[in-house]
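Asks: heads up, no residue letters with this:
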């Protein structure tokens, strides 16, 4: 029933996903005592909530508008299940804002396949990535995805290779302007922002290790299955899927390089994984297997979420 329900784009699917997301978000905030803690705390919770909702909408838009998935809602459902594995994301404002900007960049990069206004799309994508860097520095790794996309789509025009540097300059100017306007001083501590840390001991509790183990299993299944299926993709879609593969791999690099490693740093990988997972479910021919697999994922994500409250 669940597989058939999400096999088509229905308003009811968005309602179901939205309800479960709202319940999960409220329960986690309630468990932390953040629901009515203070006016500023409520405002921050509202901001986090809206940014996460925007992320869901962007994942849905990227997958459907660019034909990365068929006319179904598997990607949105899988994105929700990945979020439930790491509910600490619900209190990481800077991280989810950075992820939103990366999703905006991914939206522009995937649409490069149409070759309409490529320079504008390259500029926009680079701009969003450099903005994300202000919230989580190592998201700057995704600028490599811009250059990879240029190679895949518009590499012959040398001007396109210079556009990301123009975007970087624009973000720098805007940051300096707003810093001086609101605080009267300009301060950007690159030494602190660029901290490297290869210590993986940040995952301390048993539940955090369990959720990470589930994530590794799911990501390995989704990624490897779609790498194997790459040759079966339509020729006009293969470059787009290369971008999704690289987006996932770069998100892992961000996690490896980031200091103070916690599971929520994996948020940058959720959108690529959701799209790859949706493709895997679309290719499943046995209906019973598809239903069982989807119900199993929902059950595991729900249990892991509840155990972390």
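Replies: Perfect, I can see it now. None of the values given here were measured: they were computed from a predicted structure.

Asks: so where's the chain shaky on pLDDT?
Replies: Under the criterion of pLDDT under 70, the regions of the chain flagged as low confidence span 34-41, 184-194, 199-203.

Asks: longest helix in it, please.
Replies: The helix that spans the most residues within the chain, counting by DSSP state H, is helix 39-65.

Asks: doesn't residue 52 make contact with residue 83?
Replies: Yes. The pair formed by residue 83 and residue 52 meets the contact definition of CB atoms under 8 Å, at 7.4 Å. C-betas here are computed from N, CA, C, even on glycine.

Asks: returning to that earlier point: could I get the buried residue list for the longest helix of the chain?
Replies: 41, 45, 48-49, 51-52, 55-56, 58-60, 62-64 (16 or more other CB atoms under 10 Å).

Asks: also stretch 230-240?
Replies: Applying a neighbour-count criterion of 16+ other CB under 10 Å, the buried positions in stretch 230-240 are 233, 239, 240.

Asks: can you check stretch 260-276 too?
Replies: Here stretch 260-276 shows 261-276 as buried, counting by 16+ other CB under 10 Å.

Asks: can you get me a residue count around the nearest residue to residue 172 once chain neighbours are set aside?
Replies: Distance criterion CB to CB, 6 or more residues apart in numbering; nearest residue to residue 172, sequence neighbours excluded, is residue 130 at 8.0 Å. If you count neighbours by other CB atoms under 10 Å, residue 130 ends up with 24.

Asks: I'd guessed residue 130 sits against residue 146; true?
Replies: No. Under the contact definition of CB under 8 Å, residue 130 does not touch residue 146, with a separation of 10.1 Å.

Asks: packing partners of the longest helix of the chain?
Replies: Applying 3 or more CB pairs under 8 Å, 6 or more residues apart in numbering; DSSP states H and E, one finds that helix 39-65 contacts helix 11-32, helix 74-85, helix 93-110, helix 270-283.

Asks: sorry, back to before: can you put the buried residues of stretch 230-240 in a markdown table and add distance to residue 208 and secondary structure?
Replies: Compiled in a markdown table, the buried residues of stretch 230-240 are given as follows (distance: CB to CB, whole Å; DSSP: H, G, I helix; E, B strand; the rest coil):
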| residue | distance to residue 208 | secondary structure |
| --- | --- | --- |
| 233 | 35 | coil |
| 239 | 37 | helix |
| 240 | 34 | helix |
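
Asks: ok, so of those residues, who is nearest residue 284?
Replies: Nearest to residue 284 among the buried residues of stretch 230-240 is residue 233, at 16.1 Å by CB to CB.

Asks: show me what contacts the residue nearest to that closest one when sequence neighbours are not counted?
Replies: Taking CB to CB, 6+ apart, and ignoring the residues beside it in sequence, residue 233 has residue 241 as its nearest neighbour in space, at 5.5 Å. For residue 241, the contact set (CB atoms under 8 Å, 6 or more residues apart in numbering) comprises 68, 226, 230, 233.

Asks: farthest-separated two in those residues?
Replies: Maximum pairwise distance among those (CB to CB): 13.1 Å, between 68 and 230.

Asks: common neighbours of residue 83 and residue 52, please.
Replies: With contacts defined as CB under 8 Å, 6+ apart, the residues adjacent to both residue 83 and residue 52 are 21, 89.

Asks: what's the burial count for residue 112?
Replies: Residues lying near residue 112 (other CB under 10 Å) number 24.

Asks: test my guess that it contacts residue 120.
Replies: No. Contact status for residue 112 versus residue 120: not in contact, 10.3 Å apart, counting by CB under 8 Å.

Asks: would you mind listing the buried residues in the helix or strand hosting residue 303?
Replies: Secondary-structure element containing residue 303, defined by DSSP states H and E: helix 287-307. With burial defined by 16+ other CB under 10 Å, the residues of helix 287-307 counted as buried are 290, 293, 294, 297, 298, 300, 301, 304, 305.

Asks: let's have these in JSON lines, adding distance to residue 183.
Replies: Output for the buried residues of helix 287-307, formatted as JSON lines (distance: CB to CB, whole Å):
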{"residue": "290", "distance to residue 183": "54"}
{"residue": "293", "distance to residue 183": "51"}
{"residue": "294", "distance to residue 183": "49"}
{"residue": "297", "distance to residue 183": "46"}
{"residue": "298", "distance to residue 183": "46"}
{"residue": "300", "distance to residue 183": "46"}
{"residue": "301", "distance to residue 183": "41"}
{"residue": "304", "distance to residue 183": "41"}
{"residue": "305", "distance to residue 183": "39"}
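
Asks: with those in mind, which one is nearest to residue 179?
Replies: Nearest to residue 179, judged by CB to CB, of the buried residues of helix 287-307 is residue 305 at 38.4 Å.
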